[in-house]
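Enquirer: I would like to see how this sequence folds:
(chains A and B)
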Amino acid sequence: EAGVTQSPTHLIKTRGQQATLRCSPISGHTSVYWYQQALGLGLQFLLWYDEGEERNRGNFPPRFSGRQFPNYSSELNVNALELEDSALYLCASTLWTQYFGPGTRLLVL
Amino acid sequence: AQSVSQHNHHVILSEAASLELGCNYSYGGTVNLFWYVQYPGQHLQLLLKYFSGDPLVKGIKGFEAEFIKSKFSFNLRKPSVQWSDTAEYFCAVKAAGNKLTFGGGTRVLVKP
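Expert: Numbers count the residues shown, from 1 in each chain, chains lettered A, B, ... in the order given. Next comes the predicted model:
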């Protein structure tokens, strides 16, 4: 069974640009979670999508947004990138237990 | 708001030594508890989980954890570590809102 996949693996952007990160959940999982793993800040919850709807949101500004598609895959969009957005962004899919993808490492220059 | 504390940020030990990593959470209601591991260069993997029932939970690779409700703790243990257990370990709690709240992680280095 394929696990959670994320693309791209690495992304380099400059300040002010927009980044789009993608996640495909495990087959049969309808919920997708996004987390940010920034140096020194640990793993922080960003967004939760279930059945195409945003269900919960972490303590992040509105320029972090996303969506979930009918096939349950998800996109995370980060607008107006700032240097401190540099981090590993993890996607997890779940029925009861969250299983994580390999992440997208975003570097903002 | 719920929070999770992992008391040790770094642990260094020799092969065959016993390992115990502490995890405490603050939330008064029903919780689901998890330990995840992140090996160097790899993604987060589930080690074990507790939803209900026997508070002593056995996971993969010889790890176990004990849920002590009165102490709000979910400590991870392994009787005899191997060099391959070198990794970062994260405790996580799922309570209200379905999101996972993670501890800050503990980096474990096992010397061969």
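Enquirer: Does the helix or strand where residue B:77 lies pack against any helices or strands, and if so which?
Expert: Element membership for residue B:77 (DSSP states H and E) is strand B:73-78. With contacts defined as 3 or more Cβ pairs under 8 Å, 6 or more residues apart in numbering or on different chains; DSSP states H and E, strand B:73-78 has these neighbours: strand B:19-21, strand B:24-26, strand B:32-38, strand B:45-50, strand B:64-68, strand B:87-94. From N, CA and C alone the C-beta is placed, and that goes for glycine too.
Enquirer: Now do it, average pLDDT.
Expert: Averaging the model's pLDDT scores along strand B:73-78 yields 97.
Enquirer: Strand B:45-50 and that strand, what's the angle between them?
Expert: 130 degrees (axes from the mean of the first three to the mean of the last three Cα atoms, to 10 degrees).
Enquirer: contacting residues around residue 49?
Expert: This is for chain A. For residue A:49, the contacting residues are A:31, A:32, A:33, A:55, A:66, A:67, A:68, A:74, taking Cβ atoms under 8 Å, 6 or more residues apart in numbering or on different chains as the criterion.
Enquirer: try chain B instead
Expert: Residues touching residue B:49, when contacts are defined by Cβ under 8 Å, 6+ apart, comprise A:97, B:32, B:33, B:34, B:35, B:57, B:59.
Enquirer: By neighbour count, sort out the buried ones in the residues you listed.
Expert: Applying 16 or more other Cβ atoms under 10 Å in any protein chain shown to the contacts of residue B:49, the neighbour count classes B:32, B:33, B:34, B:35, B:57, B:59 as buried.
Enquirer: Show the overlap between those residues and what lies near chain A.
Expert: The subset of those within reach of chain A, counting by Cβ under 8 Å from any Cβ of the partner chain, consists of residue B:34.
Enquirer: Strands along chain A, start to end?
Expert: Along chain A, the stretches classed as strands by DSSP state E are A:5-7, A:10-13, A:19-24, A:31-38, A:42-50, A:53-57, A:64-68, A:74-78, A:87-94, A:98-100, A:104-108.
Enquirer: which residues sit against the fourth one?
Expert: Spelled out, it's strand A:31-38. When contacts are defined by Cβ under 8 Å, 6+ apart, strand A:31-38 is touched by residues A:23, A:25, A:43-50, A:55, A:60, A:66, A:68, A:72-74, A:76, A:84, A:86-95, A:98, A:103, B:98-100, B:102.
Enquirer: List the buried residues in it.
Expert: Burial within strand A:31-38, assessed by neighbour count using 16+ other Cβ under 10 Å, is assigned to A:31, A:32, A:33, A:34, A:35, A:36, A:37.
Enquirer: What of the third one?
Expert: Taking 16+ other Cβ under 10 Å as the neighbour-count basis, strand A:19-24 is seen to contain the buried residues A:19, A:21, A:22, A:23, A:24.
Enquirer: Run the chain-centre distance for stretch A:64-81.
Expert: Here stretch A:64-81 is found 7 Å from its chain centre; the criterion is Cα atoms, centre = their mean, to the nearest Å.
Enquirer: Distance-wise, check residue B:87 relative to residue B:78.
Expert: The spacing between residue B:87 and residue B:78, counted by Cβ to Cβ, to the nearest Å, is 11 Å.
Enquirer: Could you list the low-confidence segments of chain A?
Expert: By pLDDT under 70, the low-scoring segments of chain A are A:1.
Enquirer: Which residue, neighbours along the chain excluded, lies closest to the residue positioned nearest the centre of it?
Expert: Ranked by distance to the mean C-alpha position of chain A (Cα atoms, centre = their mean), the top residue is residue A:34 at 3.8 Å. Across the structure, with Cβ to Cβ, 6 or more residues apart in numbering or on different chains as the measure, the residue nearest residue A:34 apart from its sequence neighbours is residue A:46 (4.1 Å).
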